[in-house]
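**Q** Can you look at this prediction? I've put the sequence above it.
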Amino acid sequence: MIDGYGSQFIIQYSREGKYIRKFGGRSNLPDNKGKFIQAHGNAIDARGPEPLPLCTARIRNEFTWFTLDGEFLRSTYLPGAFLSRHVIKGDHLYSGACFGFKENDYRMWKGRGFITILDKDNRPVSGPGGAVPAYDAEGKILPFMKQGDLVTHGHDVCVDDQENLYLCQWNAGKVPPYKLHRIS
């Protein structure tokens, strides 16, 4: 469980519902890894040799991994992707981005959402509603940018067994969830 609009802690309970610990917490300092402003989604990432708690750090544009004991391990920075709740299906990590950058303006802008899809190595491979992920000469991801009118405020995503993608949006203006069909 996370408290992303309050104290920014991930709260861990046993399967019986007993409190175990809290970790994370609030910080807006850029090099204070494992801390959050708007921790917004959490899941267990079982794609590696051991399961790891994974949380989105919306304002930092990061996915953040911890050990099961709550120790910070690593993060993946996705400039311009103000991430929401995420899901893992197979080798891929999916998340809506509720807000995004404008060209040469790196503030958080409404109406600039898209979807991010990362591969098993946590490298962006697709961005429905946004531009195709691009990298510089050193392999560093370039800022994500919205493209087209498909997504306004990407929030929750789900993936079915045929790998079709469902998107719900925050502040959707009465638009129902989208179903995006996978094209092979």
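**A** Ah, there it is. Residues are numbered from 1 along each chain as shown.
**Q** C-alpha only now, for contacts and for neighbours.
**A** Fine.
**Q** partner strands of the lowest-mean-pLDDT helix or strand in the chain, parallel or antiparallel?
**A** Every helix and strand of the chain was ranked by mean pLDDT, DSSP states H and E. The lowest is strand 105-109, at a mean of 85. Strand 105-109 sits in its sheet next to strand 92-102 (antiparallel), going by DSSP bridges.
**Q** Domain map for this structure?
**A** 1-77, 78-184 (automatic domain parsing).
**Q** and the closest residue to Lys89 other than its chain neighbours, how many neighbours does it have?
**A** Excluding the flanking residues, the one nearest Lys89 by C-alpha to C-alpha, 6 or more residues apart in numbering is Val159, at 6.8 Å. Residues lying near Val159 (other C-alpha atoms under 10 Å) number 18.
**Q** when you give positions from now on, start the count at 204
**A** In the new numbering, first residue 204, that becomes Val362.
**Q** need the contact list for Val362.
**A** Applying C-alpha atoms under 8 Å, 6 or more residues apart in numbering to Val362 gives the contacts Val290, Lys292, Leu368, Tyr369.
**Q** I figured the third one was touching Pro380, is that so?
**A** No. Taking C-alpha atoms under 8 Å as the definition, Leu368 is not a contact partner of Pro380, at 10.1 Å.
**Q** can you pull the contacts of the most centrally placed residue in the chain?
**A** Centroid-nearest residue in the chain: Leu286, 3.9 Å away (criterion: C-alpha atoms, centre = their mean). For Leu286, the contact set (C-alpha under 8 Å, 6+ apart) comprises 243, 259-262, 264-265, 298-302, 358.
**Q** Apply 7 Å and report the result again.
**A** Thr259, Ala260, Arg261, Asn264, Ser298, Gly299, Ala300, Cys301 (C-alpha atoms under 7 Å, 6 or more residues apart in numbering).
**Q** Please report how far the fourth one lies from Gly237.
**A** Looking back up the chat, that one is Asn264. 13 Å (C-alpha to C-alpha, to the nearest Å).
**Q** now the last one
**A** Here the distance between Cys301 and Gly237 works out to 21 Å (C-alpha to C-alpha).
**Q** same thing with Asp272?
**A** Per C-alpha to C-alpha, Asp272 is found 13 Å from Gly237.
**Q** the more surrounded of these two?
**A** For Asp272 versus Gly237, the count of surrounding residues by other C-alpha under 10 Å is larger for Gly237: 23 against 13.
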